[in-house]
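> sequence first, then the predicted structure, then my questions.
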Amino acid sequence: MERVLAGSPASPGIVVGPVHLLRWEVPEVRHTLVADSEIEGEVARFRDAVRRAHERLAQVGERVAATAGPEEAAIFDVQRSMLEDAELRNAVEALVRQNLAAEKAFDVVMLEWRQHFARHAQPMVRERVGDLTDVHIRVLTLLMDLPDHDPVDLPKGAGAILVTHDLTPSLTVQLDRDAIAAIATDAGTRTSHVAILARSLGLPAVVGLRDATTQLRSGDTVVLDGTSGQLVLKPTQAEVQAYRRRAQQEAVEEAELLRLATEDAVTVDGERITLRANVDLPEEAEAAAQSGADGVGLMRTEFLVVGRATMPDEEEQYRAYARVVEAFGGRPVVIRTFDIGGDKLPVGGFPSEPNPFLGWRAIRMCLDQPELFKVQLRALLRAALHGDVRIMLPLVVSVDEVRAARVLLHEASVELAARGVPHAPTLVLGVMVETPAAAVGADTLAGEVSFLSVGTNDLVQYTLAVDRGNANLASRYTPLHPAVLRLIRRTVEVGAQSGVDVSVCGEMASQTLMAFALVGLGVRTLSVSPRSVPLVKRLMRAISAAIAREAAEAAMTAPTAVAAEQQLRQRLYAAVGDAAYLHAGLPG
Ligand code: PEP
Ligand code: MG
């Protein structure tokens, strides 16, 4: 067995602690028949498992209500009502009466129901597939007497390292942050939803470990290093000490960097760079405002939805947006409308699509559900009374989408006026450039919007046709590929010609070498994770925009991503002479 497991660094920090292995997947069920004489016993066994699952869900719901809130806990009521469904229970018992063992009968019925739900014409029904899956796993675990792996079942202060295949939304809401100190997953990459969420929660994380769940056992001691992306199994005393020293060193460096908070991000040749923060959860806003960020360049509103059974209403959204706007006291706050879909799903998920990243997500879903979208637009118009709110539409590929959104924004304003609710009459509107279509067609978009913000996480995925969440493709996910650099350059040029602001809010901006490249491509506004604000600021204050331009020119004409990286690395090293800048950048 390997002692060092290498994955992708997803959220910085070093933790030494016991593994808590969480397997939340439908177990395989053998086809077992029972004799006539055993049928009543099987029916009783099934009813008992349902009763225990019911009790368990009530307990989990109570705990989640106390820690995360009643909205987050509502999914467990939904799951309990599924267990109470007479049709479902009768179908299982009918199969048992045809001599199928209880677990097989339940398995067969649940598979049928999940398929039926997934294909249902009503989106509300399709959204419940994930809940059915949770119920499927929970009852089978009881019927088959498998170890119960509820993530909330850890003692407080356990300091455990949660190791799981992937962190689904329903698992996420159950995370007890007093018990879990770090996260490690088989799946995912630094730009996938679990990594973004871990950074927001400030939990060190390593993702894309591929087979950590088969290599590790609960109780094993490991060191998780979220900065290098490694997991060290059964560390020696000397190793533990070395890691603890590194953790202290990182804390000292971070404190030093924070002293830059009040300084400007100006290059040595006088180019002013606007540095904004990415905020994923409203609770992060106050801390992000202390980082020295000049406003928010991306607030990912879908994290208000992920892990919830129902969409947040206008009032709740208004409060969330107003909190962020107030924390930034008048500085610009760019709020992105719901980017649900892909790997960011509410509990229950949306219909399982063959290609979710090419599917019904983001602006597409919002425009197809105008009533849902207008709730958000109304909340944003109201929050704008508290400061400088700008809205940004995700995954736009065509100007029609911008026009349709603008019509809905107007309707939202009319609706608020009719209700007599105070609100801003309209809002500054921008779009994300996340697809080759948006970058190549940026000139058509620029005519209709106030700003363009390049979402490199998706732009890289769609340009290179590399799934951003697929750990097997991590080495092929190369943001410095010259084709990506050229699309960013094209967007910057369109911005300059049309007088429209261009910023970058994807992960590239948070990584020093890539931030250097972005400045070289002409980008003057970067939005980065709050922890990266001082790090990127220090870099900006050390480089010259002219040298960055030369480096970016060379990178854009390089034949490969590796060659482009070399070009950038050499010039950055020659300019700043400090190897610390040459790391791709501390994650998060
Ligand atoms: C992006 O695609 O770069 C982006 C910032 O959006 P998200 O990571 O939320 O898809
Ligand atoms: Mg995106």
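Right, received. Where do you want to start? Predicted model, so just to flag it, every value in this text is computed and none were measured. Ligands and ions are numbered 1, 2, ... in the order given.
> residue 389 against residue 321, yeah?
Yes. Look at residue 389 against residue 321 with C-beta atoms under 8 Å: they come within range, at 7.0 Å. Where C-beta positions appear, they are placed from N, C-alpha and C, glycine not excepted.
> low-confidence regions, this structure specifically.
For the chain, the stretches with pLDDT under 70 are 1, 122-124, 127, 149, 151-152, 169-170, 173, 307-309, 342-352, 578-588.
> domains in it, by residue range?
4-24+151-238, 36-143, 254-581 (automatic domain parsing).
> between residue 389 and residue 321, which is the more surrounded one?
residue 321 (28 against 24; other C-beta atoms under 10 Å).
> pull out the buried positions in whichever strand or helix holds residue 56.
Assessed by DSSP states H and E, residue 56 sits inside helix 39-67. Neighbour-count burial for helix 39-67 flags 39, 42-43, 45-46, 49-50, 52-53, 56-57, 60-61, 63-65, 67 (criterion: 16 or more other C-beta atoms under 10 Å).
> circling back to that earlier point, can you put the domains of the chain in CSV and add distance to residue 245?
Output for the domains of the chain, formatted as CSV (distance: least, C-beta to C-beta, whole Å):
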stretch, distance to residue 245
domain 4-24+151-238, 10
domain 36-143, 33
domain 254-581, 15
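> which one of those lies nearest to residue 246?
Minimum separation from residue 246 across the domains of the chain (C-beta to C-beta) falls at domain 4-24+151-238, 6.1 Å.
> how far away from the center of its chain is the closest one?
Counting by C-alpha atoms, centre = their mean, to the nearest Å, domain 4-24+151-238 is centred 15 Å from the centre of its parent chain.
> does it reach ligand 2?
No. Domain 4-24+151-238 is not in contact with ligand 2 by C-beta under 5 Å from the ion; minimum separation 8.4 Å.
> can you give me the end-to-end distance of that domain?
15 Å (C-alpha to C-alpha, to the nearest Å).
> hang on, the earlier thing: to ligand 1, which of the domains of the chain lies closest?
domain 254-581 (2.8 Å; C-beta to the nearest ligand atom).
> check whether that closest one comes near ligand 2.
Yes. Against ligand 2, domain 254-581 shows contacts by C-beta under 5 Å from the ion at 434, 455, 458.
> quick check: residue 273 touching residue 294?
No. Residue 273 lies out of contact with residue 294 (C-beta under 8 Å); the separation is 9.5 Å.
> list, one by one, the residues from the stretch 151-300 of the chain near ligand 1.
191, 298, 300 (C-beta under 6 Å from any ligand atom).
> most neighbours among these, please name it.
residue 298 (28 neighbours).
> which strand or helix spans it?
Taking DSSP H and E as the criterion, residue 298 maps to strand 296-300.
> got the contact list for residue 225?
Neighbour list for residue 225: 9, 14, 204, 206, 231, 232, 243, 246 [criterion: C-beta atoms under 8 Å, 6 or more residues apart in numbering].
> can you do 6 Å?
With contact set as C-beta atoms under 6 Å, 6 or more residues apart in numbering, residue 225 has these partners: residue 14.
> any idea how far residue 487 is from it?
33 Å (C-beta to C-beta, to the nearest Å).
> one more: residue 552?
Taking C-beta to C-beta, one finds residue 552 at 13 Å from residue 487.
> repeat that for residue 440.
Residue 440 is 7 Å from residue 487, where distance means C-beta to C-beta.
> those two - which one has more neighbours?
Applying other C-beta under 10 Å to residue 440 and residue 487 shows that residue 487 carries more neighbours, namely 25 against 14.
> ranges for the strands of the stretch 401-550 of the chain?
428-433, 451-454, 501-504, 525-528 (DSSP state E, counting those that start in this stretch).
> and those as TSV, adding distance to residue 196 and mean neighbour count?
Shown next, in TSV, are these (distance: least, C-beta to C-beta, whole Å; neighbours: other C-beta atoms under 10 Å):
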stretch	distance to residue 196	mean neighbour count
strand 428-433	15	25
strand 451-454	16	26
strand 501-504	16	24
strand 525-528	13	28
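> can you put those in CSV and add distance to residue 106?
Formatted as CSV, those follow (distance: least, C-beta to C-beta, whole Å):
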stretch, distance to residue 106
strand 428-433, 44
strand 451-454, 48
strand 501-504, 50
strand 525-528, 48
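> which stretch among the ones you listed comes nearest residue 538?
Closest approach to residue 538 among these (C-beta to C-beta): strand 525-528, 12.2 Å.
> and residue 390, which of the three is it?
strand (DSSP: H, G, I helix; E, B strand; the rest coil).
> now it. Nearest residue, chain neighbours left out?
residue 428 (4.2 Å; C-beta to C-beta, 6 or more residues apart in numbering).
> go on, residue 557?
residue 482 (7.0 Å).
> so that neighbour touches residue 562, yeah?
No. If you go by C-beta atoms under 6 Å, residue 482 and residue 562 don't touch, sitting 10.7 Å apart.
> more neighbours: these two, which one.
residue 482 (19 against 11).
> return the residues in contact with that one.
Counting by C-beta under 6 Å, 6+ apart, residue 482 makes contact with 556, 558, 564.
> any chance of the residues you listed in TSV, with distance to residue 378 too?
Putting these into TSV (distance: C-beta to C-beta, whole Å) gives the following:
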residue	distance to residue 378
556	43
558	48
564	45
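> ranking those by neighbours, who comes first?
So for the contacts of residue 482 (other C-beta under 10 Å), the most neighbours sit at residue 564, 25 neighbours.
> which SSE is the residue lying closest to residue 147 once chain neighbours are set aside in?
Spatially, and ignoring its direct neighbours in sequence, residue 147 is nearest to residue 141 (7.8 Å; C-beta to C-beta, 6+ apart). Per DSSP H and E, residue 141 falls inside helix 129-143.
> tell me what that helix is packed against?
With contacts taken as 3 or more C-beta pairs under 6 Å, 6 or more residues apart in numbering; DSSP states H and E, helix 129-143 sits against helix 39-67, helix 70-83, helix 102-118.
> what about residue 167, which SS state?
At residue 167 the chain is in coil, as set by three-state DSSP.
> quick one: contacts for it?
So residue 167 contacts residue 194 (C-beta under 6 Å, 6+ apart).
> now it. Its backbone dihedrals?
phi -100, psi 100 (degrees, to the nearest 10).
> number the residues from 288 up from this point.
Understood, numbering begins at 288; the last thing we discussed is residue 454.
> any idea how far it is from ligand 2?
From residue 454 across to ligand 2, the span is 18 Å (C-beta to the ion, to the nearest Å).
> returning to what we had before: what distance do you get for the residue nearest to residue 677 to ligand 2?
As judged by C-beta to the ion, residue 715 and ligand 2 stand 20 Å apart.
> so that residue makes contact with residue 679?
No. Residue 715 is beyond contact range of residue 679, at 9.4 Å (criterion: C-beta under 6 Å).
> how far is stretch 519-538 from where the chain is centred?
Relative to its parent chain, stretch 519-538 has a centroid offset of 28 Å by C-alpha atoms, centre = their mean.
> just the buried residues of it, please?
Quick answer for stretch 519-538 (16+ other C-beta under 10 Å): 519, 520, 522, 530, 534, 537.
> what do you get for stretch 294-308?
294-304, 306-308.
> ok, that stretch near ligand 1 or not?
No. If you take C-beta under 6 Å from any ligand atom as the test, stretch 294-308 misses ligand 1, and the best it gets is 12.8 Å.
> first-to-last residue distance for that stretch?
Span of stretch 294-308 from end to end, C-alpha to C-alpha: 17 Å.
> who touches it?
Outside stretch 294-308, the residues that touch it by C-beta under 6 Å, 6+ apart are 446-450, 468-469, 476-477, 482, 485-486, 491-496, 503, 505-514, 516, 527, 530, 534, 761, 873-875.
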